[in-house]
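> predicted model and sequence below, questions to follow.
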Amino acid sequence: MFKILNRFFQFCDKTNRNKFYKSIIIGIFNSFFIALKIGAVAVMLKALLLDVCGQKKFTVDAVWQSFAVMGISVLGAVITKKVMSMLQCEGGYNTCASKRIEIAEHLRYLPMGYFNQNNPGDITSVTTNTMEMLGDVATRAVMIIMQGTLDSLLIIAMIFFFEWKIALIALGGFLIFQAVNYFMRFAVKKVSAEKIKIETNQVGKILEYIQGMTEVRAYNLSGKKRKELNTIIDQCVSVNGKLELHCIPFSAIQSFCAKLCGVVIMMASIWLYLKGQMIIANCMIMLICSFMLFLALEAGGNYAALLRIIDLSVKKAEAILNIPSIDIDGKNIPENAKNKSLDIEVKDVDFSYGSKKIIDNVSFKIPEKSVTAFVGPSGSGKTTLCHLLARFWDVNKGSVSLAGVNVKDYNMDDLMANFSFVFQNVYLFHDTIANNIRFGKPDTPMEEVIAAAKKACCHDFISSLPDGYETVIGEGGASLSGGEKQRISIARAIMKNAPIIILDEATANVDPENERDLMKAIEELTKEKTVIMIAHRLKTVSHADQIFVLDKGKIVESGKHEELLKKNGLYSRFINSRKEAVSWKI
């Protein structure tokens, strides 16, 4: 138990960990004040019994003394309970919040391959279910388990002042209770892991169902997909019931042991009194202690099964935080190299996804403020190569340099400041249009936002919306057309004003009317910039300063448009096939 609690405390940052430690110290005082009730009862009992035996007349002073001790006990318990609870709640919920931010920051610097290899539902589950469980369940479990243990130990310690034999019985009962509790945690180990796994799968399945709703409806898969979702929800219900069923027998045994220990204490106290080895006042106090002893411990014991879930949740979060990130502590190279040309050079680069080689011994140079196009069949490595330039992944062999410096030597944030991206599939956030445009610079005034929107040819359609720039768009930009989303992403890139622009099929799925505005926006974005584009359309590559033709991860041709046409190679066949496709009419 203490090993798991210590793992949780170490998982917390120093500030919140100290809050938990302070709460435990205050919890000791809280337990002392709770145990002090026994002292208040003892004062009253002794006064009454002395009066009954004729040894000392009962006076009002005894009542006031008892009330004074009880008052101190109640007031102290209330104050310490409040402070202790606030510290534990702050520690738990602040840990939950800070770890969500820490995980989000860590995810920013993970290789993109991590997101390709892992289900988004798994990542989402850690930042939602797992953190929620740690913030809520862990806090409550720590509070109740620790307090139950402290209360019982303090009462046992107080019993030692009255009768050590009874104290030993109480201590034995406490140890038996903890032994049963250990076996309960061991019994739910497998079910706890199953519960975490199924709840993670549930989040993934819900995300998949919602994000794929268009396909589900278009292909009439609602019945099948709903059945899959219902199945995983039923599994989640089942595993939670299974966890409870595993706990119930042990909870019953714990309760029985606690009650049995109380009965044994009562019988032993009466037997010692009858033997003349205990005065009647102490005997009556022991009878009262037998009822108080394990009340808090029983409540904590019922929460002990959750410790295994807390342990697994901490390990799951740590697993993400322990994934090696791309080096983010490089030198501030852009400051040192700002007077150098921002040429990009790729030398002998290899890159693989697992065992599958995507880029094979590629070398080329992109001069500053030039236009470069990558062309080739699907799966040839065009997008991957562009991602390697901006260090979304690290190369397996060779090097990528910017301004004569290896991109691995850059501070990651400084490196990314040199790149803007316009992807084929634009992602916009559930926020206002203005905030989506100023995404990289949240403090940008509205005048600059509007200026960027005008350059990106999206000011007119934004102004026509009911709330203009304050219009809240759905997650992913669901309430906008493809062309509108593209232009907003271009406005965002204009706002960033990076010297290198990467266009990945930016005009691939746009209708002719939107394409006209989109090309104007791209023209505005790329003025005096280094432009790297992936495109299939002739007019977007024909004016490039250099074109690289990729096939199976290798550069098979390079040159200008006219030069490549004369070679009658892959590029020439590619252009001719595009012309034929455009000439088809219905």
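Nice, thanks for sending it over. Keep in mind that this is a model prediction, so the values were computed, not measured.
> can you pull out the strands in the protein?
Secondary structure of the chain (DSSP state E): strands located at 344-353, 356-366, 371-375, 397-402, 405-406, 419-423, 500-504, 530-534, 546-551, 554-559.
> could you pull out the buried residues of the fourth one?
Pointing back at strand 397-402 there. 398, 400-402 (16 or more other Cβ atoms under 10 Å). Where C-beta positions appear, they are placed from N, C-alpha and C, glycine not excepted.
> now it, how far from the centre of its chain.
Centroid separation for strand 397-402 versus its chain: 32 Å, with Cα atoms, centre = their mean, to the nearest Å.
> nearest to Arg308, of the strands of the chain?
strand 344-353 (35.9 Å; Cβ to Cβ).
> and the closest one, what's buried?
Residues of strand 344-353 classed as buried by neighbour count (16+ other Cβ under 10 Å): 344-347, 349, 351-352.
> for that strand, name the packing helices and strands.
Applying 3 or more Cβ pairs under 8 Å, 6 or more residues apart in numbering; DSSP states H and E, one finds that strand 344-353 makes contact with strand 356-366, helix 382-389, strand 397-402.
> any idea of the mean pLDDT in that strand?
For strand 344-353, the mean per-residue pLDDT is 90.
> quick revisit: let's have the helices and strands packed on strand 344-353 in CSV, adding mean pLDDT and distance to Phe421.
Below are the helices and strands packed on strand 344-353 laid out as CSV (pLDDT from 0 to 100; distance: least, Cβ to Cβ, whole Å):
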stretch, mean pLDDT, distance to Phe421
strand 356-366, 90, 16
helix 382-389, 87, 8
strand 397-402, 91, 15
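> and Phe291, which of those is closest to it?
Closest of the helices and strands packed on strand 344-353 to Phe291 is helix 382-389, at 68.3 Å (criterion: Cβ to Cβ).
> alpha carbons of stretch 258-268, as PDB, please.
Presented in PDB, the C-alpha positions along stretch 258-268 are these (Å, rounded to 0.1, in the frame of the first residue of the first chain):
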ATOM      1  CA  ALA A 258     -12.800  -5.500  12.500                       C
ATOM      2  CA  LYS A 259     -16.100  -6.400  14.300                       C
ATOM      3  CA  LEU A 260     -14.600  -9.600  15.700                       C
ATOM      4  CA  CYS A 261     -11.600  -7.700  17.100                       C
ATOM      5  CA  GLY A 262     -14.000  -5.200  18.800                       C
ATOM      6  CA  VAL A 263     -15.900  -8.200  20.400                       C
ATOM      7  CA  VAL A 264     -12.600  -9.700  21.600                       C
ATOM      8  CA  ILE A 265     -11.600  -6.300  23.100                       C
ATOM      9  CA  MET A 266     -14.900  -6.100  24.900                       C
ATOM     10  CA  MET A 267     -14.700  -9.700  26.300                       C
ATOM     11  CA  ALA A 268     -11.100  -9.200  27.300                       C
END
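> which parts of it are buried?
258, 261-262, 264-266, 268.
> and the contacts of that stretch?
With Cβ atoms under 8 Å, 6 or more residues apart in numbering as the test, stretch 258-268 has contacts from 165-166, 169-170, 172-174, 176-177, 286-287, 289-291, 293-294, 297-298.
> please redo it, this time with the cut-off set to 7 Å
By Cβ atoms under 7 Å, 6 or more residues apart in numbering, the residues outside stretch 258-268 that reach it are 166, 169-170, 173, 177, 286-287, 289-291, 293-294, 297-298.
> only C-alpha atoms, please: export stretch 444-461 in PDB.
The C-alpha coordinates for stretch 444-461 follow below in PDB (Å, rounded to 0.1, in the frame of the first residue of the first chain):
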ATOM      1  CA  THR A 444      -2.000  39.600 -31.900                       C
ATOM      2  CA  PRO A 445      -4.400  42.600 -32.200                       C
ATOM      3  CA  MET A 446      -7.500  42.300 -34.300                       C
ATOM      4  CA  GLU A 447      -6.100  44.800 -36.900                       C
ATOM      5  CA  GLU A 448      -3.300  42.400 -37.800                       C
ATOM      6  CA  VAL A 449      -5.700  39.400 -37.900                       C
ATOM      7  CA  ILE A 450      -7.900  41.200 -40.400                       C
ATOM      8  CA  ALA A 451      -4.900  42.300 -42.500                       C
ATOM      9  CA  ALA A 452      -3.700  38.600 -42.700                       C
ATOM     10  CA  ALA A 453      -7.300  37.500 -43.600                       C
ATOM     11  CA  LYS A 454      -7.400  40.000 -46.400                       C
ATOM     12  CA  LYS A 455      -4.100  38.800 -47.800                       C
ATOM     13  CA  ALA A 456      -5.500  35.200 -47.600                       C
ATOM     14  CA  CYS A 457      -8.700  36.200 -49.500                       C
ATOM     15  CA  CYS A 458     -10.900  35.100 -46.700                       C
ATOM     16  CA  HIS A 459     -12.000  38.500 -45.200                       C
ATOM     17  CA  ASP A 460     -15.100  38.700 -47.300                       C
ATOM     18  CA  PHE A 461     -16.600  35.400 -46.400                       C
END
